[in-house]
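Chemist: Got a sequence here, can you build the structure:
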Amino acid sequence: MHVPDDPERASAEAMPSGDPAHAYTMRISRLTIDKLGIKLYDRVAAVLAELIANSYDADAEDVTVTLPWGAFLFDPKSPHLSAAYEIVISDDGHGMIPAEINRHYLTVGADRRTRTGSDKSRGKNRPVMGRKGIGKLAPFGICKTVEVISAGGDKTEKGYLTSHLILHLPDMLADTEKNYHPEIGELDGTWSEEHGTTIKLRDFSRKRVPSKDELNRQLAARFGLERSDWRVCVKNASSMTEKFTLGRLKIDLMEGTRIDLNDRPVPFESSYLPVTGYVAYSEKSYKDATMAGVRIYARGKFVAQTMDFGIVTGFHGEFKLRSSIVGELHAEWLDEDEDLIRSDRQDIIWSSDLGEALSQWGQSLMRELAKRSEEHTRRAKTRYFMETSQLEQKLIEAAPSDPVYRDSVKEAAALLVRDSDNDSLRDPEHVERISNLAMSLGPHRSLLQSLREVAETTETTVDAVMDLFQKAHIAEMYSLGQVAAERLDVVAKLEALIGNGRTLERPLQELIEQAPWILAPEWTPLGMNESLKRVRASFEAWYAKKYGAEISTTAIDRKAKEPDFVLLHDSGVLWIVEIKRLGYKLTDAEFLNAMRYLHSLRKFLDENPELGRQFPYRRLTFVVDSVELLDEVSTSSLENDPNVARKTWHEVLDSTKRAHRDFLELVESTAGGWTPVTPDTAPSVVAPRSSNENPAHPELEL
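Modeler: Sure, this is the predicted structure:
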């Protein structure tokens, strides 16, 4: 700004009609100033937000705020220092001439949009933030003197006409009957080369300016918009080189919890109200109220903050929700036809029809967010547990060729730690006990299913798991006698068939299909599982189409059809078992044919990856008494291929009887009493054995 060539003329032009000694007039009661200014705005950031919003509504592109960071604006112990403090807000908006000052700035409480006839800004057509006409009183919440210098109107040869006035709070409060006339400043009626407004605040009450980071967060939380034609620079008055540009509030969100709101309108009567933004959980609980909760904006300006949309207590995940929820919600309809914003712009009127609709919508959102956070937290706990326990490495060492077993153990571990507190997962002994329990549960599908059910209905504590073990063991005790009797009967049948010496393939196949543990105790027939039945049927259909020849892989449900082989499955393994009658000598043609079956099975599973992933390993076993007719190539393949093996019938009988003897001994010892499993007595590792070993019955290894 510069001094005019003819100050007297300029001053006269600037004065509105009426008493020239009182060019500016404010009509306001002391009560209004007290309630709408001093009481509502008692924080520096809140005052700055109102003044910055006024600059935005005045079409400013650049706003500069200068104030001392991290300082008490008034210190009774150093009044001389406090007197030097000043807060300055300057913008390049359209400014105001004296008539506009009186009509707009000095008129308090009139609806801005009604007064101007538009809810858009003068030049840039921005949706204006101001409405109630009380924001100009905000500075008096922290200071006693407000100086306004504004250049606006149409540009003339001399420039823009300047208005300059100074408001003193003590004078404004001195008399409640008479109009208040602000002091006229020395620049009033002069001309400026640039349009814009500067507000200066002085004579502060004991208010503290936040530090740089605090101030940045508090101001960023007050605005929810970014525009290429609007920039706010905040400078430190104590060191003009220190500054920051106001941006969006940045909060670290918990992965997997963010819910975007753009496609989630608020139902209201027979229509929907659009909203944008997001809600999520933060990585940490914020003590700073600015960061916590969901900030609600209308026209880019903060209007409310909620921690839960008024949801009632008692829902699952309540504590986590209230301590870690963050987000921002933009709803322009909160500040359109109906004024739903409280006078202090710190909340909306939730009791209104629109407020209730937003509340109900938000409560539903909170329940969804709580569930999403719970799932993410459990996944994070599982990842942490797997890292600290090194369970993956232990499983690879214990069962390198059994991915299904490894997956079962990891699932059991996830169920066991899902509700563990973080402190317990940092305890090496507790982590080790959970690892041991998971590896014990892994081979036992029924127990794992029970654990899933426990996890769905209650918190999965170690005590609950111990109770599950005890109940399972008691139930198992009742069935041991029946299991023992059935196995005695099967072993006797097998011994009779082999002792006969002339038994053909069919009876042996049927016995193995009904009791596959004869070959290996952990085997189960493919036909006993419905999903695996579909695999068998699909493979047979594929084989017929591929090679133009039908094959049969089971005899249980096809009595009139001789099976080509028995198809069994172990954890993650599909096993072709080629059975020959007692005393039979395997030929090269039969060996190659069985190898072709194995190759076809592999190809079928590779071409059907969804099925293939269930059975990553495919193997072939011959049960035949002699291989002396095989040539060198076939013999070499049989001896060196790790996926091809052979057993004689006497080897099968011997291993079955030895396994059964171990089983009976375990039954006898278990029947004499048992020790309840506790976290301290839980078995360390129960890994699956290979089919070539002779284990005790694995289902009883609790």
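
Chemist: State the three-state secondary structure for Trp517.
Modeler: Reducing the assignment at Trp517 to three states with DSSP: H, G, I helix; E, B strand; the rest coil gives helix.

Chemist: Run through the stretch 201-350 of the chain and note the low-pLDDT ranges.
Modeler: 286-287, 313-322, 337-339, 342-346 (pLDDT under 70).

Chemist: can you map out the strands along it?
Modeler: Here the stretch 201-350 of the chain has its strands, by DSSP state E, counting those that start in this stretch, at 231-236, 239-245, 259-260, 266-268, 271-273, 276-281, 293-298, 301-306, 325-330.

Chemist: The stretch 501-650 of the chain now?
Modeler: Counting by DSSP E, counting those that start in this stretch, the strands of the stretch 501-650 of the chain are 524-525, 566-570, 573-579, 617-623, 644-647.

Chemist: need the contact list for Val209.
Modeler: Contacts for Val209 (CB atoms under 8 Å, 6 or more residues apart in numbering) come out as 44, 67-73, 215. Quick note: C-beta positions are derived from backbone N, CA and C, even for glycine.

Chemist: tell me the domain boundaries of this protein?
Modeler: Structural domains assigned to the chain are 7-245, 259-368, 376-472, 480-661, following automatic domain parsing.

Chemist: re the thing from before, tell me which of the strands of the stretch 501-650 of the chain sits nearest to Ser211.
Modeler: strand 617-623 (62.3 Å; CB to CB).

Chemist: what angle separates the closest one from strand 573-579?
Modeler: 20 degrees (axes from the mean of the first three to the mean of the last three CA atoms, to 10 degrees).

Chemist: quick one: strands adjacent to strand 617-623?
Modeler: Looking at strand 617-623 with DSSP bridges, its partner strands are strand 573-579 (parallel), strand 644-647 (parallel).

Chemist: what residues are up against Ile341?
Modeler: If you count contacts by CB under 8 Å, 6+ apart, Ile341 has them with 131, 298, 303-304, 334-335, 347-349.

Chemist: For ChimeraX, what selects the buried ones among those?
Modeler: Selecting just the buried residues from those in ChimeraX takes one command, with 16 or more other CB atoms under 10 Å as the test:
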select :131,298,303,304,334,335,348,349
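
Chemist: out of the contacts of Ile341, who's nearest Glu495?
Modeler: Ala304 (82.4 Å).

Chemist: on that earlier part again, are any of the contacts of Val209 buried, and which?
Modeler: Buried positions within those, assessed by neighbour count (16+ other CB under 10 Å), are 44, 67-69, 71-73, 215.

Chemist: Please produce TSV containing the residues you listed, extended by secondary structure.
Modeler: Putting those into TSV (three-state DSSP) gives the following:
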residue	secondary structure
Val44	helix
Leu67	strand
Pro68	coil
Trp69	coil
Ala71	coil
Phe72	strand
Leu73	coil
Leu215	helix
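
Chemist: Including distance to Glu429, could the residues you listed go into JSON lines?
Modeler: Compiled in JSON lines, these are given as follows (distance: CB to CB, whole Å):
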{"residue": "Val44", "distance to Glu429": "52"}
{"residue": "Leu67", "distance to Glu429": "55"}
{"residue": "Pro68", "distance to Glu429": "55"}
{"residue": "Trp69", "distance to Glu429": "50"}
{"residue": "Ala71", "distance to Glu429": "52"}
{"residue": "Phe72", "distance to Glu429": "52"}
{"residue": "Leu73", "distance to Glu429": "56"}
{"residue": "Leu215", "distance to Glu429": "48"}
